[in-house]
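> with the input below, show me the fold.
(chains A and B)
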Number of protein chains: 2
Amino acid sequence: MERSTTHFEREIREQPEVLARLVREGRPAATALGERIRRTPPAWVTIAARGTSDNAARYAQYVFGSRNRLSVGLAAPSLFTLYGTPPGLAGSLVVGISQSGQSPDIVAVVAEGRRQGAVTVAITNDPSSPLAAAAEHTLALHAGSEKAVAATKTYSTQLLTVAMLAAAIADDAAAWADIEQVPAAVARAISYAAAGVEEPASRCRYADRFLVLGRGYNYATAFEIALKIKETSYVIAEPYSFADFRHGPAALLETGFPVLLVATKAHEDVLPMLDLLDQRGAEVLAISADPAIAGRARAAIDLPATVPEWLSPIVAIVPGQLFALALALTRGTNPDAPRGLSKVTETR
Amino acid sequence: MERSTTHFEREIREQPEVLARLVREGRPAATALGERIRRTPPAWVTIAARGTSDNAARYAQYVFGSRNRLSVGLAAPSLFTLYGTPPGLAGSLVVGISQSGQSPDIVAVVAEGRRQGAVTVAITNDPSSPLAAAAEHTLALHAGSEKAVAATKTYSTQLLTVAMLAAAIADDAAAWADIEQVPAAVARAISYAAAGVEEPASRCRYADRFLVLGRGYNYATAFEIALKIKETSYVIAEPYSFADFRHGPAALLETGFPVLLVATKAHEDVLPMLDLLDQRGAEVLAISADPAIAGRARAAIDLPATVPEWLSPIVAIVPGQLFALALALTRGTNPDAPRGLSKVTETR
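Purely as a prediction, here's the structure:
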């Protein structure tokens, strides 16, 4: 295929293989850490992350919350750096998530957690990074080198690492069996989406804004799709949960407003949200495994229904990545080198 | 003044008086609750909120973190409602923030916290609401009836209530003295901004997107200004911390991109951010008490420098509210009745 020449596309298509390797090679470290955490369960979890990794943290809030019944808070790194007044972390589990493991603000949160005696974990693609050095435990992404600036395979491997850690903490054999199904589901999602993204992306050639809606586990998916669109096509795209959207931003809706809706499952609030979008004349692109949802949208990208909802974000991000790719190509931007960004971002 | 006829504008201008009343009438309840919390300090804090109230929760993360050294996490209400798998809250302080106190998802988080034995607090303008009934303790906003759908005085009173609770938990007389200065500073901010918002708002008549940047305590301010613009002018406006912005969304920047920058104080990262915005040709409207920052922007709205930074968000939101008002008026929308919204939003 002539077009398949960007790192961004190659790395999207590499995901089934990379995820399968992670399940194989990452399981011993996840299992050992899960045992350690089960021995002295933390009172709560604090996660520090930025950008794409922060979207993995959003997923972790639902996974650790639902499967391990752990309260999760996303850290405010400024408290540790700008203000020098870190909050108490003793008794918690502190997790830093970063592809590069380089950003000083994320390292600072984990280092402070360790100083206070918290159990500390780095989730990173570089086990020799400063973040890994700061943390007592490291879970490597095993994703290989990621060359496109906009993260794809390091995002899906961050999600899977979080899921594996949750399965390990719960010592849940059924969860591990479900995890084994993820790489094949991702492969199927790639083949489903390949056919489905071209026409909607072409139609959105001149769209100057997007809304991306998702909820629950796929709240993170909405955020990550919006970020990919901004990074690779330079179009403003704002993500919301269904509930947050109703508390104000829904005023934005007007005829033709392009809305990506991620709803792998028809929870009770999906049809009312589709009603609202209909009433206001929004143009809906649905990412869903459910024909009842797909049938309500102008266009839909099908998802395989072979993994349970808690693992669906690892699958549902794929059509979002491929839509962002198709949009960038149709707009003539280079998805490998977003203007003004570099692969390692260091913030304080 | 002929124009001063919307509830939205009246409620913005009412804030000095409403905040002064809150300092007077709200102090006994805050002090009592502060003593209660000091007696058995929570291990961490979970806050549930939506929309404007969620922005008050963002402020609370910095205030409780910095002044009380408490880790704060923002709740994912779906875990309590959609999935029925609430995380552990025993040993925590659970705070629900809601103007109306009606939204079932926020009530569900507080009710579950109480069931698990957490100390529970409702911060609401309606002490007879379901949220107040669910919580063991209530802090009332004393804001009077708010008629505009887009919240203004209930936002600033939520922030001040959070600040008062932080002062009470710390039993910090100096903090209380600073709090006493807030209403006068807000009055001064109104008079400064009245002169400063008209020209930039008129110039942005046809702007079809905004970025709003702030960090630390004023991360919340960036989110709330962006929400006011969306609610009252229907223009997409995305808020970011400086650091999150650099981790991806900065790719959006191009010549003429309108950026509102909130920086009450020249922290070390403000000038580098202004450099980045300059390089990319963004059009910057600064909200700042610092002439060195104001001098770098195309237009600036001055802030009084009479309160310390931790209280500055209660002052810095005012020019944002007045900018949103001026933008709505110049665009011909009705800020009192945003399309598709109602004053009480119930989500599950």
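> can we go C-alpha only for contacts and neighbour counts from here?
Fine.
> and the strands in the stretch 101-250 of chain A, which stretches?
Using DSSP state E, counting those that start in this stretch, the strands of the stretch 101-250 of chain A run over A:119-124, A:137-140, A:209-213, A:236-240.
> what comes into contact with the second one?
Residues from elsewhere that reach strand A:137-140, judged by CA atoms under 8 Å, 6 or more residues apart in numbering or on different chains: A:26, A:29-30, A:33, A:120-127, A:132, A:161.
> got TSV for those residues, with neighbour count too?
Listed next are these as TSV, based on neighbours: other CA atoms under 10 Å in any protein chain shown:
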residue	neighbour count
A:G26	20
A:A29	16
A:A30	25
A:L33	20
A:T120	26
A:V121	24
A:A122	30
A:I123	27
A:T124	28
A:N125	25
A:D126	23
A:P127	18
A:A132	28
A:T161	26
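> count of neighbours near the nearest residue to A:P239 once chain neighbours are set aside?
Counting by CA to CA, 6 or more residues apart in numbering or on different chains, A:V212 is the residue found nearest to A:P239 once chain neighbours are left out, at 4.6 Å. Neighbour count of A:V212, defined by other CA atoms under 10 Å in any protein chain shown: 27.
> wouldn't A:V212 be in contact with A:F223 here?
Yes. A:V212 is within contact range of A:F223, at 7.4 Å (criterion: CA atoms under 8 Å).
> mutual contacts of these two, please.
A:238-240.
> quick one: pLDDT of A:E2?
As predicted, A:E2 sits at a pLDDT of 47.
> whoops, I mixed them up, A:A195
82.
> same check, this time on A:H267
A:H267 is given a pLDDT of 85.
> which residue is the nearest non-sequential neighbour of it?
B:L82 (7.8 Å).
> and the residue of chain A positioned farthest from its centre, how far from A:K228?
For chain A, the largest distance from the centre (CA atoms, centre = their mean) belongs to A:Q279, which lies 30.0 Å off. Computed as CA to CA, to the nearest Å, the A:Q279 to A:K228 distance reads 28 Å.
> same deal with A:Y206?
17 Å.
> repeat that for A:V212.
11 Å.
> repeat for A:L276
26 Å.
> same thing with A:R331?
14 Å.
> swap in A:A150?
From A:A150 to A:K228 the distance is 7 Å (CA to CA).
> repeat for A:L303
19 Å.
> likewise for A:S312?
Distance from A:S312 to A:K228, by CA to CA: 18 Å.
> what does A:E11 give?
14 Å.
> compare these two and say which one has the larger neighbour count.
Using other CA under 10 Å as the criterion, A:E11 and A:K228 rank with A:K228 on top: 27 against 20.
> residues touching that one, list them.
A:K228 touches A:150, A:320-321, A:324, counting by CA under 8 Å, 6+ apart.
> same question for A:E346.
Counting by CA under 8 Å, 6+ apart, A:E346 makes contact with A:102-105.
> could you rerun that using 10 Å?
A:100-106, B:243, B:246-247 (CA atoms under 10 Å, 6 or more residues apart in numbering or on different chains).
> cool, and A:P77?
So A:P77 contacts A:47-50, A:83-84, A:86, A:104-110, A:347-348, B:62, B:216, B:243 (CA under 10 Å, 6+ apart).
> can you flag the buried ones in these?
Buried subset of the contacts of A:P77 (neighbour count, 16 or more other CA atoms under 10 Å in any protein chain shown): A:47-50, A:86, A:104-110, A:347-348, B:62, B:216, B:243.
> circling back to that earlier point, who touches both of A:E11 and A:K228?
Contacts common to A:E11 and A:K228, judged by CA under 10 Å, 6+ apart, are A:151-152.
> A:V95 contacts A:P42, doesn't it?
No. Counting by CA atoms under 10 Å, A:V95 does not reach A:P42; the two are 11.9 Å apart.
> hey, what's in contact with both of these two?
A:118-119.
> so if I had to pick from those two, which one is more boxed in?
Counted by other CA under 10 Å, A:V95 and A:P42 do not tie: A:V95 has more neighbours, with 27 against 17.
> specify the beta-bridge partners of that one.
Beta-bridge pairing of A:V95 under DSSP bridges involves A:I47, A:V121.
> any idea how far A:E112 is from it?
Taken as CA to CA, the span from A:V95 to A:E112 is 11 Å.
> between these two, what contacts are shared?
A:118, A:120, A:135.
> just to check, A:A75 is in contact with B:L70?
No. Judged on CA under 10 Å, A:A75 makes no contact with B:L70 at a distance of 11.4 Å.
> identify the contacts common to these two.
With CA under 10 Å, 6+ apart, A:A75 and B:L70 have common neighbours A:86-87, B:61-62.
> so can I have TSV of those residues showing secondary structure and distance to B:D54?
What follows is the shared contacts of A:A75 and B:L70, written out as TSV (DSSP: H, G, I helix; E, B strand; the rest coil; distance: CA to CA, whole Å):
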residue	secondary structure	distance to B:D54
A:P86	coil	22
A:P87	coil	20
B:Q61	helix	11
B:Y62	helix	13
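> ok, those vs B:G340, which is closest?
B:Q61 (30.4 Å; CA to CA).
> helices or strands up against the helix or strand that contains A:G34?
Secondary structure here is read from DSSP states H and E; on that basis A:G34 sits in helix A:15-39. Secondary-structure packing of helix A:15-39 (3 or more CA pairs under 10 Å, 6 or more residues apart in numbering or on different chains; DSSP states H and E): strand A:119-124, strand A:137-140, helix A:153-170, helix A:173-180, helix A:182-196, helix A:312-331.
> can you put those in TSV and add distance to B:I37?
Shown next, in TSV, are those (distance: least, CA to CA, whole Å):
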stretch	distance to B:I37
strand A:119-124	26
strand A:137-140	34
helix A:153-170	31
helix A:173-180	39
helix A:182-196	45
helix A:312-331	39
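> got the angle for the helix or strand hosting A:L285 vs helix A:312-331?
Using DSSP H and E, A:L285 sits in strand A:283-288. Going by axes from the mean of the first three to the mean of the last three CA atoms, to 10 degrees, strand A:283-288 is angled at 140 degrees with respect to helix A:312-331.
> tell me the helices and strands packed up against strand A:283-288.
strand A:209-213, strand A:258-262, helix A:270-279, helix A:291-294, strand A:299-302, helix A:312-331.
> now do it, average pLDDT.
96.
> same question for stretch A:23-31.
98.
> re the thing from before, out of the helices and strands packed on strand A:283-288, nearest to A:A177?
The minimum distance between A:A177 and the helices and strands packed on strand A:283-288 falls on helix A:312-331, with 14.4 Å, by CA to CA.
> list the buried residues of that closest one.
Buried, per 16+ other CA under 10 Å, within helix A:312-331: A:312-331.
> then it to PDB, C-alphas only?
C-alpha atoms of helix A:312-331 as PDB (Å, rounded to 0.1, in the frame of the first residue of the first chain):
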ATOM      1  CA  SER A 312     -12.900  -1.900  25.300                       C
ATOM      2  CA  PRO A 313     -10.900   1.400  25.400                       C
ATOM      3  CA  ILE A 314      -7.800  -0.500  24.100                       C
ATOM      4  CA  VAL A 315      -9.800  -1.500  21.100                       C
ATOM      5  CA  ALA A 316     -12.000   1.700  20.700                       C
ATOM      6  CA  ILE A 317      -9.000   4.000  20.400                       C
ATOM      7  CA  VAL A 318      -8.000   2.300  17.100                       C
ATOM      8  CA  PRO A 319     -10.700   3.800  14.900                       C
ATOM      9  CA  GLY A 320     -10.000   7.100  16.500                       C
ATOM     10  CA  GLN A 321      -6.300   6.900  15.600                       C
ATOM     11  CA  LEU A 322      -7.100   5.900  12.100                       C
ATOM     12  CA  PHE A 323      -9.700   8.700  11.700                       C
ATOM     13  CA  ALA A 324      -7.100  11.200  12.900                       C
ATOM     14  CA  LEU A 325      -4.600   9.700  10.300                       C
ATOM     15  CA  ALA A 326      -7.100   9.900   7.500                       C
ATOM     16  CA  LEU A 327      -8.100  13.500   8.500                       C
ATOM     17  CA  ALA A 328      -4.400  14.500   8.500                       C
ATOM     18  CA  LEU A 329      -3.800  13.000   5.100                       C
ATOM     19  CA  THR A 330      -6.900  14.600   3.600                       C
ATOM     20  CA  ARG A 331      -5.900  17.900   5.100                       C
END
